[in-house]
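K.L.:
fold the following, please.
(chains A and B, ligands or ions: 2)
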Amino acid sequence: MDIVFVLEQALTQSIGIQAIIYCLAAAGLNIQFGYTGLLNFGQVAFMIVGGYSIAATVLSFGGSFWTALVVGIISSLILSLILGLPTLRLRADYLAIVTIATSEILRLVVRSVALREWFGGVNGLNGKFAAQFYALNPYQSGIGIGPINFSQNDSWVVTIGWILVAIVILITFLLTRSPWGRILKGIREDEEAIRSLGKSVYWYKMQALMLGGVMGTLAGFIFAIASQSVQPDSYVPDVTFFAYTILLLGGAARVFGPVVGSIIFWFLLVFIGQTLDQTISAGYIPFLTSTQVGPIRFIFVGIGLMCLIIFRPQGIFGDRKELALGGR
Amino acid sequence: MDAKTFDIDEVQNIFKNVEQKPGSKKPDPIILAKKVVRKFGGLTAVDVDHLEIQRGSITALIGPNGAGKSTFFNLLTSFDQADGGKWFFNKEDITKISPNKLAQKGLVRTFQLTKALSRLSVLDNARLGAKNQIGESLFAALFKPLWIKRELEVTKQAEDTLAQFNLLEKKSDFAGSLSGGQRKLLEMARALMLKPEMIMLDEPMAGVNPALKQSLLGHIKNIRKKGTTVLFVEHDMDMVHDISDWVIVMAQGKIIAEGPPSLVMKNSDVIDAYLGSHHKTFLTEDGKSLATDETQ
Ligand SMILES: Nc1ncnc2c1ncn2[C@@H]1O[C@H](COP(=O)(O)OP(=O)(O)OP(=O)(O)O)[C@@H](O)[C@H]1O
Ligand SMILES: [Mg+2]
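P.N.:
Ligands and ions are numbered 1, 2, ... in the order given. A predicted model of the protein is given here:
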C-alpha cells in the first residue's frame, strides 16, 4: 500500500475544488441555520441557480460570463424571496419542508424535456461557458505546494475559490460581531422576544436567507466553472446534507466552522476511500471489491459523524456549555 | 419621550374623580380598548367591553388564574389575534399593528413565561433593547466605525440598567444560566432599554425574592416618575397595594371591578371572584329553588 500517495490525494482534496464548494455552501447554512436558526434544507437549490445561471446565460442565451454572474446573484435573491415570503412568518419547520421541496422541483425543472432547449435536459449543459474566466488564468502551468498538485486550470479555480471563501468568512466575521448579527442570534433564541423589542424579525430572517443563499450560489458558480458543465443529477438533496454535516463538524455559529469542517470532511472522505481502494487491490480484504469503496467510505463517515454527535456535539470549534443551554 | 415628570400626588388626585366601576372613563387615557373578544374554541378567554388606562399611572390588572389577563396583554400587543374589538394607544388605532411597530411606538411588554435569549450574554440581551443602532442594518453592520460610537452608548446604558436590577456582575454570563427570578429581572431591564412610553409587565415579581422585591418596587415607582405609564399583572396583593394607583379586576375574561387598591379588595364581586363565586351562586340558587319547591 502506498501511504504517501493516499496522503497526497487526501491533502489535495482537502483544499481542492470540492472542499471550496462545500465550504461556501456550508458558510451560507452557517448564517441561516447557525446564527439565525433558519432550517434551510434546500441549499442545493441555490447552487442550481448559480450553476445553471452561468451555463444557460452563456450557452443558451449568448450572454457573457460576467453577465451570467450577475444573473446568478439576482436569481438567487429572487429565489430567497420566493422561499421566504410565504414561510418566514410561519414556524421554523415549514421553511425546512418548503426548501427541500423547492430544491427538488428546481432540479426536475432544469432536467425536464420541455426546457431541454435552454437547460439541456438530463445531459445538462456542457461547453466552454467559463472560457472568459480561464482566459484570465495567470498560471503558466499547474501549481504545487509540497505534495499537493493542481492542474493549470484547477490552480486558477482553487485560487479564486479560496479568495471567495476568505471574503465570505470575513463578511461572516464582520456581520456576526455587529449589532445586526446580535439580532440574528436573538431570533435564533426566541423570535417573539426580539419582536417585542421592536425589531422586524421577518425582515432580518429574509436578509439571512438571502445572504446565505448568495453564498450557496457562489458555491454553484465554482462547481459549474470547475467542470465547465452542469448536470441536473449532481444537485441532489444529499449535497445539502453534506453541507450540514460539514457545518456541524466544524461547529455551527462559529466563523471558521465551515472552513475547518470542509477541510476535515474531504480529507477523511478521500483518505478512507483511497486506503480502502489500495488495501482491496492489494488483496487484504478479499470480501470487498473496489466498486464498493464509494458507498463504504460514506459508511465510515456516518460512523464518524455519530461519534462526533455523541462525544463532541458542539463540533470542533463549538462550546459545549453554550450548546447545553440551547433547546436544540 | 418628553422629560415631563409625574407627581404621585397629582396622579392620585386624578383618580379621585374617576368612577369606581368597570370600564370607567379616565381623564387622559393612554390605552383605550373597546369590545375586545378572544375565544379559544368554546371558551371566551377575553371579553372586555370597555377599558381605559390613565396616562402616567401605575395600574394593576389582577384576577384569579385563567382570568384572561395574559391573553388580554397578548391581544393589546398583537402577539395574539382577537376575534373582535378595537384598541388604541395614544388615540392611534393599534388593532392591526405588528408587535415590533408597536414597540417602536413606545408600548413595550414583558412575558409571563420569560423569554431570556439563552445563548446570548446577559449584556447582549440588554443591548438588544436599545433603539437607533444603525449597526442593526445589514450594510452599516459591516463597518464598525459607523456603529461603534452608538454601541458604546448602548453598552453604558445597558450596564446602568443591569446594575439597577442587580445583574451587572452577571453581564458576561449566558442568559440561559440565570435563575428564574433573574430572568424576570433581565426581561424587565431589557424592556426598559427601549425607554418606552408605556410598559406592560406580566407578573414581574413572580419568583423574585422579598428583599429584591422591595427595590424593584422602588424601580417601578421611578419608571413612572420619569413619565412612563405602567400596567402590570400581579398575584402578590402586597405589591399591588404598595405601588398601584388604580386596580382593574378581571375574572372569566371580563372586567368586574375597578378602583383604588384599598377599596377594590373589599368589593364583594372581587372577593367572590377570588374565592369562587361559582360555587356560592350555585349553592344559593339551588337553595332558592329548593325553597320554592317546598312552598309549592
Ligand atoms: N393558546 C390557548 N389555547 C387555548 N386556551 C387558551 C390559550 N391561551 C389561554 N387559554 C385559556 O384562556 C384562559 C385565560 O388564560 P390567561 O393565560 O389569559 O390567564 P391569566 O389570567 O393570565 O392567568 P394566570 O394568572 O394564571 O397567568 C384560560 O382559561 C386558558 O386556559
Ligand atoms: Mg397570565
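K.L.:
just to confirm, which helix or strand has residue 183 in it?
P.N.:
All of this is about chain A. Using DSSP states H and E, A:Ile183 falls within helix A:179-189.
K.L.:
think we crossed wires, I meant chain B
P.N.:
B:Arg183 belongs to helix B:180-192, assigned by DSSP H and E.
K.L.:
wait, does that helix contact chain A?
P.N.:
Yes. Using CB under 8 Å from any CB of the partner chain, helix B:180-192 reaches chain A at B:Glu187, B:Arg190, B:Ala191. In this view, the C-beta of every residue, glycine as well, is placed from N, C-alpha and C.
K.L.:
could you point out the helix or strand that follows that helix?
P.N.:
Next element after helix B:180-192 (DSSP H and E): strand B:198-202.
K.L.:
partners of that following strand, with directions?
P.N.:
strand B:107-109 (parallel), strand B:229-233 (parallel) (DSSP bridges).
K.L.:
distance from the helix holding B:Arg183 to the middle of the chain?
P.N.:
Centroid separation for helix B:180-192 versus its chain: 13 Å, with CA atoms, centre = their mean, to the nearest Å.
K.L.:
ok, stretch B:99-111 next?
P.N.:
On CA atoms, centre = their mean, the centre of stretch B:99-111 falls 11 Å from that of its chain.
K.L.:
not counting sequence-adjacent ones, nearest residue to A:Phe265?
P.N.:
A:Ile246 (4.9 Å; CB to CB, 6 or more residues apart in numbering or on different chains).
K.L.:
ok, which of the strands paired with strand B:198-202 comes nearest ligand 1?
P.N.:
strand B:229-233 (6.5 Å; CB to the nearest ligand atom).
K.L.:
now the element after the closest one, going C-ward?
P.N.:
helix B:237-243.
K.L.:
go through that following helix and flag the buried ones.
P.N.:
Neighbour counts over helix B:237-243 (16 or more other CB atoms under 10 Å in any protein chain shown) mark B:Met239, B:Val240, B:Ile243 as buried.
K.L.:
quick check: residues of the stretch 101-250 of chain A near chain B?
P.N.:
A:171, A:174-175, A:177-183, A:185-186, A:188-190, A:192-201, A:207, A:211.
K.L.:
how does it look with 6 Å?
P.N.:
Residues of the stretch 101-250 of chain A found near chain B (CB under 6 Å from any CB of the partner chain) are A:174-175, A:178-180, A:182-183, A:185-186, A:189-190, A:193, A:195-200, A:207.
K.L.:
what residue ranges in chain A score low on pLDDT?
P.N.:
Applying pLDDT under 70 to chain A flags the ranges A:1, A:324-328.
K.L.:
can we see that at 50?
P.N.:
A:327-328 (pLDDT under 50).
K.L.:
residue in it nearest to ligand 1?
P.N.:
A:Glu192 (13.5 Å).
K.L.:
quickly find the element holding that residue.
P.N.:
helix A:191-196.
K.L.:
following element in sequence after that helix, please.
P.N.:
helix A:201-227.
K.L.:
give the helix, strand or coil label for the residue lying closest to A:Arg320 once chain neighbours are set aside.
P.N.:
Nearest residue to A:Arg320 in three dimensions, chain neighbours excluded: A:Gln314, at 4.9 Å (CB to CB, 6+ apart). The three-state label given to A:Gln314 by DSSP: H, G, I helix; E, B strand; the rest coil is coil.
K.L.:
ok, B:Ala33 next?
P.N.:
B:Ala33 is classified as strand under three-state DSSP.
K.L.:
ok, it - contacts?
P.N.:
Contacts for B:Ala33 (CB atoms under 6 Å, 6 or more residues apart in numbering or on different chains) come out as B:Val48, B:Leu51, B:Trp87.
K.L.:
swap in 8 Å and give it another go.
P.N.:
The contact partners of B:Ala33, taken as CB atoms under 8 Å, 6 or more residues apart in numbering or on different chains, are B:Val48, B:His50, B:Leu51, B:Glu52, B:Leu76, B:Gly85, B:Lys86, B:Trp87, B:Phe88.
K.L.:
what's the closest non-adjacent residue to it?
P.N.:
Closest to B:Ala33 by CB to CB, 6+ apart is B:Trp87, at 4.1 Å.
K.L.:
how about B:Asp124?
P.N.:
A:Arg182 (5.6 Å).
K.L.:
the one you found: how many residues sit nearby?
P.N.:
For A:Arg182, the count of nearby residues is 25 (other CB atoms under 10 Å in any protein chain shown).
K.L.:
same check on B:Gly85?
P.N.:
Around B:Gly85 there are 17 residues (other CB under 10 Å).
K.L.:
quick one: it from A:Ala114, how far?
P.N.:
In this view, B:Gly85 and A:Ala114 are 52 Å apart by CB to CB, to the nearest Å.
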